[in-house]
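J.: okay, structure incoming, though there's no sequence with it:
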Ligand SMILES: Nc1ncnc2c1ncn2[C@@H]1O[C@H](COP(=O)(O)OP(=O)(O)OP(=O)(O)O)[C@@H](O)[C@H]1O
């Protein structure tokens, strides 16, 4: 049986002063899938996920989540529906302890100190952050701040987790751990991943969407995408 569509867009566009950052994107993400979103620098990947999250408003087009049109909902309402995300620029609260950062996210859905503490510990363990929870988030390495952000996303028990270049700044060992984490999470969460690291894409994605100049250039399995001549040309910058 075909999987239920969790997220979809129709005719989604975003123009910045005449620049077509995202153009006429019809995108569909089935529930339970790990989807990688790839494309050359400036292809529109961050703009597309910003439209999905409600961080920016589209110039045209609609977004649907779980059977409902969410195009007019502000970002915080979309989070409450189960869309969690992390962005390239970390948004941890640097002056707050690691645990408190995750607790702020957990309190969006949980009441009671014990339940929150349990969720915090589970989320930190799941991403493999072993720093003392009382350490300030700003003292973590950049890579670990990215992991902390994922923990903050997980503490919201999301139905869709959107990660914008989560492996940037991670060591090789941390990237391996991240791949295992995504495989583990994929049992319970639909994942949309902007990723430049092709080994991560090839190993964790069920399907890959390639953006180029704001439009979908190709979609398919990692193997299909790797063999696609148009994708190779886009990356090599050749016709
Ligand atoms: N707020 C903005 N104002 C004007 N132009 C913008 C804005 N945000 C993005 N752009 C432009 O839109 C295009 C798409 O940018 P976007 O960041 O979405 O690409 P990307 O695929 O995520 O790139 P990268 O892989 O480098 O992060 C680029 O040409 C970028 O300069």
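T.: That came through fine. Nothing here was measured: the structure is a model prediction, and the numbers come from that model. Numbering: from 1, shown residues only.

J.: in a helix, residue 231, correct?
T.: Yes - read with DSSP: H, G, I helix; E, B strand; the rest coil, residue 231 is one of the residues of a helix.

J.: distance check, it against residue 43.
T.: 11 Å (CB to CB, to the nearest Å). From N, CA and C alone the C-beta is placed, and that goes for glycine too.

J.: in space, what's closest to residue 6 - neighbours in sequence excluded?
T.: residue 31 (4.2 Å; CB to CB, 6 or more residues apart in numbering).

J.: by mean pLDDT, flag the weakest helix or strand of the chain.
T.: Lowest on mean pLDDT, DSSP states H and E among the helices and strands of the chain sits helix 229-236, with a mean of 87.

J.: SS state for residue 104?
T.: Judged by three-state DSSP, the three-state class of residue 104 is helix.

J.: can you report how many residues neighbour it?
T.: 16 (other CB atoms under 10 Å).

J.: what pLDDT is listed against it?
T.: Here, the pLDDT recorded for residue 104 equals 92.

J.: these two touch, right, it and residue 93?
T.: Yes - counting by CB atoms under 8 Å, residue 93 is a contact partner of residue 104 at 7.3 Å.

J.: how about the residues of the protein near the ligand?
T.: 16, 19, 21, 39, 41-47 (CB under 6 Å from any ligand atom).

J.: straight-line length of stretch 195-208, end to end?
T.: With CA to CA, to the nearest Å as the measure, stretch 195-208 spans 10 Å from end to end.

J.: so what touches it?
T.: If you take CB atoms under 8 Å, 6 or more residues apart in numbering as the criterion, stretch 195-208 is touched by 33-38, 163, 165-168, 175, 178-179, 182-183, 186, 193, 218-222, 224-226.

J.: among these, name the ones in strands.
T.: Among the contacts of stretch 195-208, the members found in strands (DSSP state E) are 34-38, 163, 193, 218-220.

J.: please enumerate the helices of this protein.
T.: Here the chain has its helices, by DSSP state H, at 45-53, 75-81, 98-106, 113-127, 142-154, 172-185, 198-204, 222-226, 229-236.

J.: circling back: for the least confident helix or strand of the chain, which residues meet the burial criterion?
T.: 231, 234 (16 or more other CB atoms under 10 Å).

J.: check residue 2 and give its pLDDT.
T.: pLDDT for residue 2: 68.

J.: please shift the residue numbers so they start at 401 in all later answers.
T.: Renumbered: residue one is now 401, and that last one reads residue 402.

J.: residue 528 against residue 577, yeah?
T.: Yes - the pair residue 528 and residue 577 passes the contact test of CB under 8 Å, sitting 5.1 Å apart.

J.: any idea how far the residue lying closest to residue 496 once chain neighbours are set aside is from residue 556?
T.: Spatial nearest neighbour of residue 496, excluding adjacent residues (CB to CB, 6+ apart): residue 537 at 6.0 Å. Residue 537 sits at a distance of 17 Å from residue 556 (criterion: CB to CB).

J.: residue ranges in the protein under the pLDDT threshold?
T.: Residue ranges of the chain with pLDDT under 70: 401-402, 488-490, 637-639.

J.: spatially nearest residue to residue 626, not counting backbone neighbours?
T.: Closest residue in space to residue 626, ignoring its immediate chain neighbours: residue 602 at 7.1 Å, by CB to CB, 6+ apart.
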